[in-house]
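In: Structure of the sequence below:
(one chain, ligands or ions: 1)
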Amino acid sequence: METGKEYYQLLKETVEAAFSAEEAAVIEKAFFFSYDAHDGQLRKSGEPYIIHPIAVAKILIGFGMDCPSVVAALLHDVVEDTPVTSEEIRRMFGADVQLLVDGVTKLGKVPLQNKEEQQAENLRKLLLAMSEDIRVIIIKLADRLHNMRTLKFVREQKRRDIAKETIEIYAPIAHRLGIRPVKEELEDLAISYLDPIAYKEIEDALADQEPLRKEFLDNIKDKIAIRIKTVVSEAVVQGRIKSVHGIYRKMYMQGKSFEEIYDIYAVRIIVDTVSDCYNCLGVIHDMYKPIQGRFKDYISTPKPNMYQSLHTTLIGKEGIPFEVQIRTEEMHKTAEYGIAAHWKYKLGYKDKEADKKLEKGIGWVKHLLEAQSETGDATDLLNTIKHDFVSDEVYVFTPKGDVISLPIGATVIDFAYAIHSAVGNKMTGAKVDKRIVPLTYAVKTGEIIEVLTSSQPGKGPSRDWLKIVTTNEARTKIRSWFKKERRDENIVEGKAEYERELRRNNMNMTQEQENTLLGIIIDKQKFTTFDDFFAALGYGGVILSKIMPMIKDEYNKIVKASQDAPVKYKQAKTVSSEGVVVEGISNCLIKLSRCCNPIPGDDIIGFITRGHGVSVHKKDCSNVPDDIYNCPESHRWIKVYWNSTVKAEFSASMLLTCLAGKMTMNDIFTALNAIHVTVQTINTRGTKDGRLLINLTIAANSVEHLKSVMTRLAKLSGVLSVDRSGADI
Ligand code: MN
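Out: This is a model prediction of the structure:
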């Protein structure tokens, strides 16, 4: 028989236990097809590639997924990474499997796209496929899970990129779909790669107390089990410890100490009926003292990802708080498998209830895609997931009693847009629990919110709302309104902004030069007319600060070309890959010094080292003598400067010192997101004296840009200082 038999052994037993002989035969066929297609390819771990599809298939069998899903899992990388075509998949395994495989296959590279645009387009394709067939995303999550488990073999930068994408996009999606174990494992793995030191600290703190903790939990578990039995006969009582990432979030993002985290310990009680849940709650509250304000009834108000349970936090005898979660068996399945559980029911019984739940569970995907199709910009999707999904949620009600979930901090305007863009666009005010509130009012869980609207034609949102709203969804919808309804106004606004920016940068041109420059800009930005470009600036579809480096660059070219160059002589000079120009020396080695990390726009100076070329320092670096003309090695200090065509984006690090508890990583993300700054890395560390140190690396496009970002961060309450030179400690 075929080669690869020994690898099929890894899967055979699991497959045979879960599927009929007929289905197992199809899976076997898919295995050997995949084995042949990937033959000769290796994983970064050095193992044969087939190990990966096998692992993904196993994860899916563990979820109880069906035969086509497992077949697609085995074939999921075949179209992307081997010569096999999607058409062949259809011929051999049918249209169902083809659809699943196509759904997880990335788009081919489109030239002229940056990384973020590519990521956004791929995500949009994935969500589209998922709205057609939910199995696509479950396969993708299993794929990502195995890749994360084996990420240590991948080189450092790529590892960080993948871990970051996982925590920003895939873990939130798993959360929205309610697949808790996958969400938690993805987050824990991501943290272990992104912030290994903090991860280790938490792991050690947990390991330290391992025996104590086990004793504590077992003790409570046993006591509860005995008492519960007297009321409910069929109850399962389990103990569980919070995930590392869960602790990390509370410690480093919310600034709590290990001791302040109430739900490190949790006891879970699984019973038969909903009324048993409430009966158990009564028993528990009788046994232990509940902590005020920490009871949550997710049975009567399920979370948007369909999660249901009663939560309460209690104080044990030793003064140690612990959480109790009470739920039925069905709720438990939803908590563990989320959407996958309902999808399974649907297959089994074709029941209406499961259909409705499934519809609700993926409703947000359609919602997202709709909002995005209005602007046509896929990066909006990416931002919505990155920003709106990770925040903690508040639950509020419409006057009819429908629950709307919003990220913490969302305003009544965000609420209006979450209902429908037509409601938001016609909004004139809002009532919270029957009281009129200002539009800046941030909604809180449990409030009933009524949006007041105007029927006047021509009524629309105000531009100021863009500064008030906190959800990306609302922002996108408001922009989209301005894009459609206020073209003339946008053109005027955009043009004014453009001219202001040119003046600010002292860019003076003749009318002819100005037109040439605009012509180049609209070409590069793919607009057909000047007005289209100005309109896009006006509604925020193009962010001027992002393209300013390109504009300056083109401006320099135009102005230079017009200046007469009387005598052209070639002077010896060297330009480094970072864009530093050293005049008077040709072919020398140029290095940016580590002590001060100069970046484009900094005032710089060069030092001719012995045998290692020229090292470049910031003029105010402590290693540069105050008076370079009168110092021991003054002849070695030379003038250097930045080339005008220096690359548009660079990494800049800074150190934020914050008051622990007053500032969280989310606040930083929100602030940076609002000004469209990309975070490359972020590391946090608590200090003994109650400070939170945040090491932040961002993508900046000029020193002015970097300075404005730093000023912005420094203004946040809770931030004590923002420092560039201390960024490497
Ligand atoms: Mn894969």
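In: how close does the most centrally placed residue in the chain sit to Q157?
Out: Closest to where the C-alpha atoms of the chain average out (Cα atoms, centre = their mean) is E168, at 2.0 Å. According to Cβ to Cβ, to the nearest Å, E168 stands 16 Å off from Q157. Quick note: C-beta positions are derived from backbone N, CA and C, even for glycine.
In: Test my guess that the residue nearest to the centre of the chain contacts T384.
Out: No. Between E168 and T384 there is no contact under Cβ atoms under 8 Å: 11.4 Å.
In: Please, which helix or strand holds the closest residue in space to I269 that isn't next to it in sequence?
Out: Once flanking residues are discounted, I269 sits nearest to I326: 4.7 Å by Cβ to Cβ, 6 or more residues apart in numbering. In this assignment (DSSP states H and E), I326 forms part of strand 321-328.
In: how about the strands in the stretch 251-400 of the chain?
Out: Taking DSSP state E, counting those that start in this stretch as the criterion, the stretch 251-400 of the chain contains strands spanning 265-271, 289-290, 296-297, 310-315, 321-328, 393-397.
In: from what I can see, R227 looks like it's in a strand, true?
Out: No. Checked against DSSP: H, G, I helix; E, B strand; the rest coil, R227 lies outside a strand; its state is helix.
In: all numbers from here: first residue = 263
Out: With 263 as the first residue, the last one maps to R489.
In: Any buried residues in the host helix or strand of V821, and which?
Out: According to DSSP H and E, V821 maps onto helix 806-824. In terms of neighbour count (16 or more other Cβ atoms under 10 Å), helix 806-824 has its buried residues at I809, M810, P811, I813, K814, D815, E816, Y817, I820.
In: my guess is the first one contacts I783, does it?
Out: Yes. Under the criterion of Cβ under 8 Å, I809 is in contact with I783, at a separation of 7.3 Å.
In: Find the residues that touch each one of these two.
Out: The overlap between the contact sets of I809 and I783 (Cβ atoms under 8 Å, 6 or more residues apart in numbering) is empty.
In: Quick check: residues of the protein near the ion?
Out: With Cβ under 5 Å from the ion as the criterion, the chain comes near the ion at residues D339, D405.
In: Domain map for the chain?
Out: Structural domains assigned to the chain are 267-456, 463-603, 653-742, 749-904, 912-985, following automatic domain parsing.
In: Ok, which of those comes nearest D642?
Out: Nearest to D642 among those is domain 653-742; the distance by Cβ to Cβ comes to 4.9 Å.
In: show me where the stretch 513-662 of the chain has helices.
Out: Using DSSP state H, counting those that start in this stretch, the helices of the stretch 513-662 of the chain run over 536-549, 591-599, 601-611, 614-637, 640-645.
In: For the first one, which outside residues touch it?
Out: It stands for helix 536-549. Residues outside helix 536-549 that contact it (Cβ under 8 Å, 6+ apart) are 485-486, 489-490, 493-494, 497, 531, 533, 552, 561, 572, 574, 576, 586, 588-590.
In: which ones are touching the residue nearest to I531?
Out: Taking Cβ under 8 Å, 6+ apart as the test, what I588 contacts is R530, I531, V533, C539, C542, L543, I546, S571, L572.
In: and with 7 Å instead?
Out: I531, C539, C542, L543, S571, L572 (Cβ atoms under 7 Å, 6 or more residues apart in numbering).
In: what's the closest of the residues you listed to E447?
Out: When the contacts of I588 are compared against E447 (criterion: Cβ to Cβ), the nearest one is S571, at 20.2 Å.
In: And that closest one, its phi and psi?
Out: When read as degrees, to the nearest 10, the backbone of S571 gives phi -180, psi 160.
In: So for it, what pLDDT did the model give?
Out: Per-residue confidence for S571 comes out at a pLDDT of 93.
In: pLDDT value on the closest residue to it other than its chain neighbours, please?
Out: Distances taken as Cβ to Cβ, 6+ apart put R589 closest to S571, at 4.2 Å, once the chain neighbours are dropped. Looking at R589, its pLDDT stands at 95.
In: and what of V498?
Out: Confidence score, pLDDT, at V498: 90.
In: what residues are up against it?
Out: V498 makes contacts with I532, as judged by Cβ under 7 Å, 6+ apart.
In: in the sheet, who's paired with it?
Out: Beta-bridge pairing for V498 (DSSP bridges): I532.
In: Repeat that for V844.
Out: Bridge pairing for V844 - DSSP bridges - gives T836, V902.
In: before we move on, what about I698?
Out: Beta bridges link I698 to K693, judged by DSSP bridges.
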